[in-house]
Every structure is written in structure tokens, then in C-alpha cells.
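In: got a predicted structure here, sequence first:
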Amino acid sequence: MTLIVDYDAGNLKSVQRACDYVGLKASISNDAQSIAGAQRIIFPGVGAAGSAMRSLKLNGLDKALLHAFESGVPILGICLGLQVSFEYSEEDDQHTLSLIPGKVRRFDISDQSLKIPHMGWNEVEVVKPHPVLAKLAPGDEFYFVHGYYPEPKEQQRVFARSAYQDYFCVAAGLKNYFGTQFHPEKSGRVGLELLSCFAEWDGSYVE
């Protein structure tokens, strides 16, 4: 069973429809026990770090996600789901789940032609191979909506990057966890291909 984590952070149905399209049957739940029984987990989200953490803690989902990570369950974080998987976010001055060492920073944009939040299609460059990114090709673009970006403590956790004035991390991973700053479920063919790779990934990764 694949479980999509519901913590009042939006866009869950679009993620579920994308999963259905690639043959990955997924249910949506805010129940910590459901997370404990999941064979793989998708942790999506849009919104703010502070409200996300309050919702996760209210339902015991923070501890359930940590247990799933420690148990080796394949986890895919998306957008806010990736951001709150780090240790700290500048958004709301918020301590987060600490699945991945590092923090989330606000864009510091001096180019007046670039708006915050960063919204729209951007090319994604793979900088380190990963099973979830196996079908990506040079020039592939994904859809973004965000004003903050992840900054892993260790460079080896960065698997893909994009540029918005400067380069920033858009895909990070550690062991059985992999996350994207962009939205695969809103990214057409390339997003579906990424989800199909996640559906086949057993969570193993050798450095």
C-alpha cells in the first residue's frame, strides 16, 4: 500500500490522480497507524512550515514519519514535504522533522525581473544519479511554486539543481528518503516518469 500523507497542506488529489496514472495505487490518510502500515509513502504539500509542523504534531504524523524513515520505507517528499524534512526552516523560524541534515532558506533575489514566489517551469539538472531520477533527460523541465528552497548540510545529499538567479537544490535524498522541490504531479510527462521510478524504487541507495 502507498500512502499519501494528509496534514492539511493541499493538492493531495492531484498527487493521487498522478499516482493512479502510473499504476501506483495510493490512499490519502492523516492517520499515524496508516503510515506505520504503508509499504511506501508520498509526503507532498503546499503552504507554510509553521502550520505544517503544527498539523503533523497534532496527529502524531511527525513521529510516524520518523519511524517509517528509520524502518527503511521508501518516502517521496514533494515541495513543502521536502522542506519540512530538513532540520530547520527560515519560514516561520521553524524547527522541522530532521530527517535530512540541513535547512531551508528564503530566496534572496536582487534581480528585479525575478519574482517571489518562484512560480512556473524551470529546467532541472541532475548532478548525481538516483533511481528516482533515472528517466530524466537533459533539458527536462518541472513545475515549481515556492519562496524557499532546501540547503542540505552535505553536498552529497544534492541530486538535482535548478537556477533562479543562482543555482539551488531541487532534489535531495538520504537512504530511503528522496524529495523534490518541484511538483511531479503538475509536471506532465516528466513528472509522471519520476513517479513511475518512485513506484519501482525499493528504497535502497548505495553511496
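Out: It's in. Numbers count the residues shown, from 1 in each chain.
In: use CA for all of it now, contacts and neighbours both
Out: Noted.
In: so who does Gln181 touch?
Out: For Gln181, the residues meeting the contact criterion (Cα atoms under 8 Å, 6 or more residues apart in numbering) are 78-80, 82-83, 144, 149-150, 169-171.
In: what lies in contact with the helix or strand of the chain with the lowest mean pLDDT?
Out: Lowest by mean pLDDT, DSSP states H and E among the helices and strands of the chain is helix 32-36, with a mean of 94. Outside of helix 32-36, the residues within contact range by Cα under 8 Å, 6+ apart are 3, 5, 41, 59-61, 64-65, 67-68.
In: so after that helix, what's the next helix or strand?
Out: Next in sequence after helix 32-36, counting helices and strands by DSSP states H and E, comes strand 40-43.
In: now do Gly37 against His67, distance only.
Out: Distance of Gly37 to His67, given as Cα to Cα, to the nearest Å: 11 Å.
In: ignore the last one, Phe182
Out: From Phe182 over to His67 the distance is 25 Å, taken as Cα to Cα.
In: these two: who's more crowded?
Out: More neighbours sit around Phe182 than around the other of Phe182 and His67, counting by other Cα atoms under 10 Å; the figures are 28 against 14.
In: just the pLDDT for that one.
Out: You'll see Phe182 listed with a pLDDT of 98.
In: where in the chain is pLDDT low?
Out: Along the chain, segments meeting pLDDT under 70 are nowhere present.
In: that one: strands as residue ranges?
Out: Taking DSSP state E, the strands of the chain run over residues 2-5, 26-29, 40-43, 75-78, 88-89, 94-95, 102-106, 118-123, 125-126, 141-146, 148-152, 158-164, 166-174, 177-180.
In: same for the longest helix seen in the chain, what does it pack against?
Out: Longest helix in the chain by number of residues, with DSSP state H as the criterion: helix 188-200. With contacts taken as 3 or more Cα pairs under 8 Å, 6 or more residues apart in numbering; DSSP states H and E, helix 188-200 sits against helix 12-21, strand 141-146.
In: what sits up against it?
Out: Outside of helix 188-200, the residues that reach it under the criterion Cα under 8 Å, 6+ apart are 18-19, 21-24, 76, 131-136, 140-142, 183-185.
In: if any of those residues are buried, put those into a PyMOL selection.
Out: Buried members of the contacts of helix 188-200, defined by 16 or more other Cα atoms under 10 Å, are picked up in PyMOL with:
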select buried, resi 18+19+24+76+131+132+133+136+140+141+142+183+184+185
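In: got the end-to-end distance for stretch 135-143?
Out: 17 Å.
In: what lies in contact with it?
Out: Stretch 135-143 is contacted from outside by 119-126, 182-184, 186-187, 190-191, 193-194, 197, using Cα under 8 Å, 6+ apart.
In: mind doing that once more with 6 Å?
Out: 120-124, 182-183, 187 (Cα atoms under 6 Å, 6 or more residues apart in numbering).
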